[in-house]
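>>> Return a 3D structure for these sequence lines:
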Amino acid sequence: MRCRARRLSLAAGLLAAGLPAFAPAGPARAEMQNPQATLPAASDCLGEVAREARTRGVPEAIAARLTDLPPDPEVVAATQNQAEFVKPIWSYLDANLTEARIAEGRAKLADWAPTLAAIEARYGVDRHILVAFWGVESTYGSVLGDPTIVRPVLRSLATLACNPTPRAPYWRGELVAALEILAQDKPPAEPLTGSWAGAMGHTQFMPTVYQAYAVDFDGDGRRDIWTSVPDALASTANYLKAMGWRPGERWGSEARLAEGFDYGLADETTERSFGEWRALGVEATDAPADEAARATLIVPAGARGPAFLLQPNFRMILRYNTALAYALTVAHLSDRLRGAPAFARDWPRADAMLSAEALKGLQARLTDLGFPAGAADGKPGPRTRAALRAYQAARGLTPDGYADAALVERIKAGP
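Prediction:
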């Protein structure tokens, strides 16, 4: 989740992969060796949050739960270890797209077929996408009862809200929302549990997203995304519908590129119809029946990796979590659940991914050379890939936007 109330879990996709969603994989940085030293005194901050909650109608008995709530050092460390940003995209896909997960997902499709049919009818969101979100977010709910994984939501959010970072106001809003959830006429069962970032339930809703989009689909009088599969999946469908999900459309398709293809066309932003892409040498492996359907082209691992034509629904997956690795994982798992094969083209698996610090340096260097890469945040987003494409084009290289070791050394070495 990025720092907006309408987006979902910062931990999205990490629960299920055995990746550091709820706790760091190890000492994240040197300063985290003694993480208590980096945490501020929280009493004043939590007092302010409690006062804000009371002004919004939260009863004193619930607001008082913030009193003397100790910070969780592992939560701060976990913010530095988001696997969807720090692992190679193929490693993230491999960890989540196991044969066991695919098989279990197909079993869930059968077990919950009537419920999924009713959700599809009401919200227009494909059942395979919903089950893919469920599988990636919580391994179909299997981790939610594991006390070594789930954490108390109030403590996690209190830690983030009172840690002096630019995102602290966002976390404060989520913490107040969590208190409001506990103050409902029919609150969820306690204690309120979730990820290290406060994301909750089978499909990992942040508290403000729960307030806005969670639904009572099973009709028992409460919106229960923790223990009710119908509520959790319908809530996810409701969110996707509200964000603009297009019923009857796919997320996109893997694509084959003709020999000599101009990689400058794979700019991630220019939409063309599937017919227009075909004329340019791009053939979808699973094209829609409507040749006029539009898509953008992306080559996340450059000319040596797979290419994808992305339709508008892919952006809805990115609304859940803006990491490309996460969105491709959900998209491809949904295809595998419907019986499609694995990607036809493999990834450049011998390549090592840049560390976050190395990527920050590369982003800063590109900007210094006149190719603006956006904030030097250590995350390989669209602006960074656009800057790489511009640099490659200016130097007569294949403009695929992929920073392998040779390109990184060239950029570091000189203009």
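
>>> In this protein, what helix or strand scores lowest on average pLDDT?
In the chain, the helix or strand scored least confidently by mean pLDDT, DSSP states H and E is helix 83-86, which has a mean of 52.

>>> Okay, strands next: where are they in the stretch 251-400 of the chain?
With DSSP state E, counting those that start in this stretch, the ranges of strands along the stretch 251-400 of the chain come out as 252-257, 272-273, 282-284, 294-298, 307-310.

>>> Work out the gap between the shortest one and the centre of the chain.
For strand 272-273, the distance from its own C-alpha centre to the chain's C-alpha centre is 26 Å (CA atoms, centre = their mean, to the nearest Å).

>>> ok, it: who's next to it in the sheet?
strand 294-298 (antiparallel) (DSSP bridges).

>>> The partner strand to strand 252-257, inter-axis angle?
Interaxial angle, strand 294-298 versus strand 252-257 (axes from the mean of the first three to the mean of the last three CA atoms, to 10 degrees): 60 degrees.

>>> Output strand 294-298 as CSV, nothing but the C-alphas.
Only the C-alpha atoms of strand 294-298 are listed here, as CSV (Å, rounded to 0.1, in the frame of the first residue of the first chain):
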residue,chain,number,x,y,z
ARG,A,294,-6.6,-1.4,-25.7
ALA,A,295,-3.5,-2.2,-23.8
THR,A,296,-0.1,-0.8,-22.9
LEU,A,297,3.2,-2.8,-23.4
ILE,A,298,5.7,-3.4,-20.6
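
>>> what's the most buried one of the strands of the stretch 251-400 of the chain?
Highest mean neighbour count of those: strand 307-310, a mean of 26 (counted as mean count of other CB atoms under 10 Å). For every residue, glycine as well, the C-beta is placed using N, CA and C.

>>> That strand pairs with which strands, parallel or anti?
strand 252-257 (antiparallel), strand 294-298 (antiparallel).

>>> and the next element down the chain from the least confident helix or strand of the chain?
Once helix 83-86 ends, the next helix or strand along the chain (criterion: DSSP states H and E) is helix 89-96.

>>> The most centrally placed residue in the chain and R294, how far apart?
By CA atoms, centre = their mean, the mean C-alpha position of the chain lies nearest to N321, the distance being 2.5 Å. According to CB to CB, to the nearest Å, N321 and R294 sit 23 Å apart.

>>> try R51
The gap separating R51 from R294 is 50 Å, by CB to CB.

>>> Tabulate the strands of the stretch 251-400 of the chain (a markdown table), appending distance to L97 and mean pLDDT.
Shown next, in a markdown table, are the strands of the stretch 251-400 of the chain (distance: least, CB to CB, whole Å; pLDDT from 0 to 100):
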| stretch | distance to L97 | mean pLDDT |
| --- | --- | --- |
| strand 252-257 | 14 | 98 |
| strand 272-273 | 28 | 98 |
| strand 282-284 | 20 | 97 |
| strand 294-298 | 18 | 98 |
| strand 307-310 | 15 | 98 |
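
>>> any idea of the mean pLDDT for stretch 402-415?
The average pLDDT for stretch 402-415 rounds to 90.

>>> residue contacts, the nearest residue to D220 once chain neighbours are set aside?
Among residues not flanking D220 along the chain, S228 sits closest, at 7.4 Å (CB to CB, 6 or more residues apart in numbering). Counting by CB atoms under 8 Å, 6 or more residues apart in numbering, S228 makes contact with 217-218, 220.

>>> Of those residues, keep whichever come out buried.
F217 (16 or more other CB atoms under 10 Å).

>>> Save the contacts of S228 as TSV, and put in secondary structure and pLDDT too.
What follows is the contacts of S228, written out as TSV (DSSP: H, G, I helix; E, B strand; the rest coil; pLDDT from 0 to 100):
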residue	secondary structure	pLDDT
F217	coil	98
D218	coil	97
D220	coil	95
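
>>> Pull out the buried positions in stretch 227-240.
Of all the residues in stretch 227-240, those buried under the rule 16+ other CB under 10 Å are 228-240.

>>> got the strands of the stretch 251-400 of the chain as JSON lines, with distance to Y170 columns?
As requested, those are exported to JSON lines (distance: least, CB to CB, whole Å):
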{"stretch": "strand 252-257", "distance to Y170": "30"}
{"stretch": "strand 272-273", "distance to Y170": "36"}
{"stretch": "strand 282-284", "distance to Y170": "38"}
{"stretch": "strand 294-298", "distance to Y170": "28"}
{"stretch": "strand 307-310", "distance to Y170": "28"}
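
>>> Select, out of the strands paired with strand 307-310, the one closest to P166.
strand 294-298 (28.9 Å; CB to CB).

>>> List the contacts of that closest one.
By CB under 8 Å, 6+ apart, the residues outside strand 294-298 that reach it are 252-253, 255, 265-274, 277, 282, 284, 307-312, 324.

>>> From the chain's centroid, how far away is that strand?
How far strand 294-298 lies from its chain's middle: 20 Å, per CA atoms, centre = their mean.

>>> Which helix or which strand is home to T115?
Going by DSSP H and E, T115 is part of helix 113-123.

>>> Buried ones in that helix, by neighbour count?
Going by neighbour count (16+ other CB under 10 Å), the buried part of helix 113-123 is 115-116, 119, 123.

>>> As JSON lines, the residues you listed with distance to P73 and pLDDT would be great.
Listed next are these as JSON lines, based on distance: CB to CB, whole Å; pLDDT from 0 to 100:
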{"residue": "T115", "distance to P73": "40", "pLDDT": "98"}
{"residue": "L116", "distance to P73": "40", "pLDDT": "98"}
{"residue": "I119", "distance to P73": "40", "pLDDT": "98"}
{"residue": "Y123", "distance to P73": "40", "pLDDT": "98"}
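
>>> As CSV, those with distance to A197 would be great.
As requested, the buried residues of helix 113-123 are exported to CSV (distance: CB to CB, whole Å):
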residue, distance to A197
T115, 28
L116, 28
I119, 26
Y123, 26
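
>>> sorry, back to before: looking at the contacts of S228, which is nearest A405?
Out of the contacts of S228, the member with the shortest distance to A405 (by CB to CB) is F217, at 49.6 Å.

>>> roughly how far apart are that closest one and L240?
From F217 across to L240, the span is 14 Å (CB to CB).

>>> Likewise for A406?
Taking CB to CB, one finds A406 at 40 Å from L240.
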